[in-house]
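1. I need the structure of the sequence given here:
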Amino acid sequence: MSRVSPNARVNRRRLWLAVLVLWGLWAIRAHDILALAIFVDESLHIMRAQVVYEFSDAKASILPAKLLLYYYLGLFNLQDVGGAWVARQAVALLAPLGAALSFALARQLFRRWQAGILAMAIYGLMPFMIFFERMALADSFAMIFGLVLAIVSVRLARRPSARQARIVGFWMGAALLAKLTTLPWAILPLLAAGLFGQWSRRDYWRHGVTVAVVAGALLLPSAAYMLYQEFQPPENKVESVEQDLFVVEDTSRLVQIRDNIETYAEAVRALFSAPFLVLILVLGGWQMFRMPREGGYLLAFTLTIWIFVVLTAARPSTRYLVLGVPGLLILAAGGLDRLGQLLGASRLTVSKDRRGIIQAVAIATTLLLLLWGGYSLRFALTAWADPVDLPLAERDIWEYYENSASGYALRAAAQDLPDLSRYEDHPSGDPIPVAGFVGACHVMRLYLPADSGVGLHCPYFRWSPEAADATLAEWEARINQDGVWYVLADVEQPMDVLSLPLRWEELAFYPRPYDGIDVRLYRVWAVEE
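-> Numbering: from 1, shown residues only. All right, here's what the predicted structure looks like:
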């Protein structure tokens with residue numbers, strides 16, 4: 001009967017520990033995943049994913065902005081009914097992959113299994129990741145490609161070859177197709193070569209060209225269509241990048257950058273928490289001092305994205321920072337692992353005075369970890385029970401709760417719309433005609449049951465005064481012709497739908513959290529002559 005070697009037993013325990021951590025972090029993200037109301041961008045992603053494999057919509061199937069997310073979500077054959085749950089779960093399923101890749105990068109750089117498992121555990125409990133990995137957004141999806149790119153770039157630096165260069169080029173192109181804001185990560189292969197490799201000038205030229213050619217080949221279909229639009233513009237030209245994300249309308253770029261820094265600093269304080277920020281500064285800084293090349297690489301992974309967003313964004317959203325978060329988590333994990341090593345070795349090889357210092361630092365670190373762990377667990381429990389009470393930054397509260405892009409109010413309205421059949425305003429069996437003059441109208445289709453009997457119409461007005469007059473005139477004529485309609489309207493909107501010369505009867509009022517933009521439901525019909 002063969003005996004199991006001690007190394008095999010240790011590896012088996014490590015494997016089980018890793019599996020438990022991965023299952024735990026997935027469960028945190030997957031449980032009651034619809035507690036937070038659906039955000040407008042999630043609904044748009046689902047709409048595009050529903051048609052991506054039909055190749056009937058250029059923006060969904062060809063143009064590069066978030067392109068791979070649509071193909072990924074499209075694999076799940078999303079329907080309106082249940083589509084939000086499936087889409088969010090599809091993104092939550094990637095969280096264990098993100099944690100595992102963080103493990104791989106930590107172990108690759110620090111050559112310690114313990115650093116990797118700490119990186120996974122920190123990733124799993126990080127409120128920054130918990131909040132955004134419970135939503136069907138592109139940022140945590142694109143982050144996966146960035147982590148892979150960081151790993152293969154180090155491999156190329158240490159063992160340069162044409163094959164490794166092609167692999168790096170593939171993942172660079174994939175990252176750009178996942179989200180265009182990953183562009184700053186194009187520096188990672190060159191940075192890794194400078195930090196970890198011993199390349200000649202010829203190596204830089206040869207492998208750099210290979211990486212660029214392969215990445216460009218992946219982007220070629222999208223780039224070709226963009227050029228086609230420029231030279232042969234179709235009637236409804238589709239932009240791959242929305243310019244208002246980067247163009248400052250009412251202020252200078254310097255003022256916008258200052259505002260971006262303030263906005264993002266508040267968000268980082270809220271989603272990292274003070275105890276963990278102290279750990280990052282102390283342990284991460286210590287690890288940077290000990291291993292400057294490895295620490296510098298991780299810091300570059302984070303700061304290339306964060307600085308790019310701060311300098312360019314005109315509408316700062318905290319989710320843009322998600323891509324760079326793992327770099328800081330891995331850096332902190334490396335410092336924590338090193339502290340553990342010193343604590344274990346201090347009993348044998350360190351003087352009594354120095355041992356006391358190490359133990360004091362370890363006690364302080366443990367207290368900070370307990371404080372952060374308690375904060376993170378409360379965050380997760382609140383995300384399940386009542387996300388409105390989450391300790392978020394002002395910008396996030398506005399974006400996901402108060403604003404017209406929020407699904408709050410619309411979720412409650414969707415529950416009431418089927419009951420409108422009690423009014424005898426339309427022939428029996430016909431859909432209940434509802435027009436949604438609300439910013440996130442199409443979100444309601446994800447809340448309406450399959451047998452709701454509601455015929456939902458979402459007027460397309462692009463939030464612009466130019467389109468408002470034509471839309472209002474169209475709907476005035478339509479309601480005058482059809483008889484009775486039901487209208488949902490944001491209290492604040494770019495066109496005054498309530499100014500139409502029709503008869504308006506308010507039926508219901510739906511508030512948004514934090515005194516946000518409320519929604520009202522009206523019964524509307526023509527004025528009798």
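
2. And the helices in the stretch 401-529 of the chain?
-> Taking DSSP state H, counting those that start in this stretch to define them, one finds helices in the stretch 401-529 of the chain at 410-416, 465-482.

3. quick one: which of the ones you listed is nearest residue 339?
-> Comparison of those against residue 339 by CB to CB identifies helix 410-416 as nearest, at 45.9 Å. Placement of C-beta: from N, CA and C, glycine included.

4. from the middle of its chain, how far away would the closest one be?
-> The chain centroid and the centroid of helix 410-416 are separated by 25 Å under CA atoms, centre = their mean, to the nearest Å.

5. ok, and what's touching the helix or strand containing residue 168?
-> In the assignment (DSSP states H and E), residue 168 maps to helix 162-178. With contact meaning CB atoms under 8 Å, 6 or more residues apart in numbering, helix 162-178 is reached by 64, 66-69, 138, 141-142, 144-146, 148-149, 152-153, 155-156, 182-183, 185-186, 189, 206-207, 210-219, 222.

6. which parts of it are buried?
-> Within helix 162-178, the residues scored as buried using 16 or more other CB atoms under 10 Å are 164-178.

7. Okay, angle between the very next helix or strand once past that helix and helix 162-178 too, please.
-> Heading C-terminal from helix 162-178, the first helix or strand you meet, by DSSP H and E, is helix 188-196. Computed with axes from the mean of the first three to the mean of the last three CA atoms, to 10 degrees, the direction of helix 188-196 lies at 130 degrees from that of helix 162-178.

8. if we can go back for a sec, which among the contacts of helix 162-178 end up buried?
-> The buried subset of these (16+ other CB under 10 Å) comprises 64, 66-69, 138, 141-142, 144-146, 148-149, 152-153, 155-156, 182, 185-186, 189, 207, 210-212, 214-215, 218-219, 222.

9. For this structure, just list every one of the strands.
-> For the chain, strands defined by DSSP state E occupy the ranges 432-437, 454-457, 485-490, 502-510, 519-526.

10. hmm, back to that, would you reformat the helices of the stretch 401-529 of the chain as JSON lines and include distance to residue 519, mean pLDDT and mean neighbour count?
-> Formatted as JSON lines, the helices of the stretch 401-529 of the chain follow (distance: least, CB to CB, whole Å; pLDDT from 0 to 100; neighbours: other CB atoms under 10 Å):
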{"stretch": "helix 410-416", "distance to residue 519": "6", "mean pLDDT": "94", "mean neighbour count": "19"}
{"stretch": "helix 465-482", "distance to residue 519": "17", "mean pLDDT": "83", "mean neighbour count": "14"}
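
11. right, so of the ones you listed, which gets closest to residue 454?
-> Judging the helices of the stretch 401-529 of the chain by CB to CB, what sits closest to residue 454 is helix 410-416, at 8.2 Å.

12. List the buried residues for the lengthiest helix in the chain?
-> Assignment by DSSP state H gives helix 352-385 as the longest helix of the chain. Applying a neighbour-count criterion of 16+ other CB under 10 Å, the buried positions in helix 352-385 are 355, 358, 361-362, 365, 368-369, 371-372, 375-376, 379-380, 382-383.

13. avg pLDDT for that helix?
-> Across helix 352-385, pLDDT averages out at 90.

14. Poorly predicted segments of the stretch 251-400 of the chain, please.
-> By pLDDT under 70, the weakly predicted segments of the stretch 251-400 of the chain are 345-353.

15. which stretches of it form helices?
-> Remark: helices assigned in the stretch 251-400 of the chain by DSSP H, counting those that start in this stretch are 253-272, 274-279, 285-290, 292-312, 325-349, 352-385, 394-397.

16. Can you report how many residues lie near the closest residue to residue 469 other than its chain neighbours?
-> In this structure, residue 469 finds its nearest non-sequential neighbour in residue 495, 7.7 Å apart by CB to CB, 6 or more residues apart in numbering. For residue 495, the neighbour count with other CB atoms under 10 Å is 19.

17. confidence score at residue 495?
-> For residue 495, the predicted pLDDT is 75.

18. again, but for residue 502
-> Listed pLDDT for residue 502 reads 89.

19. Please look at it and residue 477 and confirm they touch.
-> No - Residue 502 is beyond contact range of residue 477, at 10.9 Å (criterion: CB atoms under 8 Å).

20. Next, work out how far apart residue 25 and residue 380 are.
-> Shown here: residue 25 relative to residue 380, a distance of 10 Å by CB to CB, to the nearest Å.

21. where do the contact lists of these two overlap?
-> By CB under 8 Å, 6+ apart, residue 25 and residue 380 have these common neighbours: residue 125.

22. residue contacts, the nearest residue to residue 64 once chain neighbours are set aside?
-> In this structure, residue 64 finds its nearest non-sequential neighbour in residue 222, 4.1 Å apart by CB to CB, 6+ apart. Contact partners of residue 222, counting by CB under 8 Å, 6+ apart, are 62, 63, 64, 67, 177, 240.

23. quick one: which of these is nearest to residue 285?
-> Using CB to CB, the contacts of residue 222 come closest to residue 285 at residue 177, 35.1 Å.

24. so what pLDDT did the closest one get?
-> The model's pLDDT for residue 177 equals 95.

25. ok, back up a step: is it possible to get a markdown table of the helices of the stretch 251-400 of the chain that adds distance to residue 471?
-> Shown next, in a markdown table, are these (distance: least, CB to CB, whole Å):
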| stretch | distance to residue 471 |
| --- | --- |
| helix 253-272 | 31 |
| helix 274-279 | 47 |
| helix 285-290 | 55 |
| helix 292-312 | 32 |
| helix 325-349 | 40 |
| helix 352-385 | 37 |
| helix 394-397 | 29 |
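
26. Determine which stretch of those helices is the most buried.
-> Mean neighbour counts were taken over those using mean count of other CB atoms under 10 Å, and the top value, a mean of 21, falls to helix 325-349.

27. Run the angle between that one and helix 352-385 for me.
-> 150 degrees.

28. Residue 329 versus the residue nearest the centre of the chain, what's the distance?
-> Residue closest to the average C-alpha location in the chain (CA atoms, centre = their mean): residue 139, at 3.3 Å. Distance, residue 139 to residue 329, by CB to CB: 15 Å.
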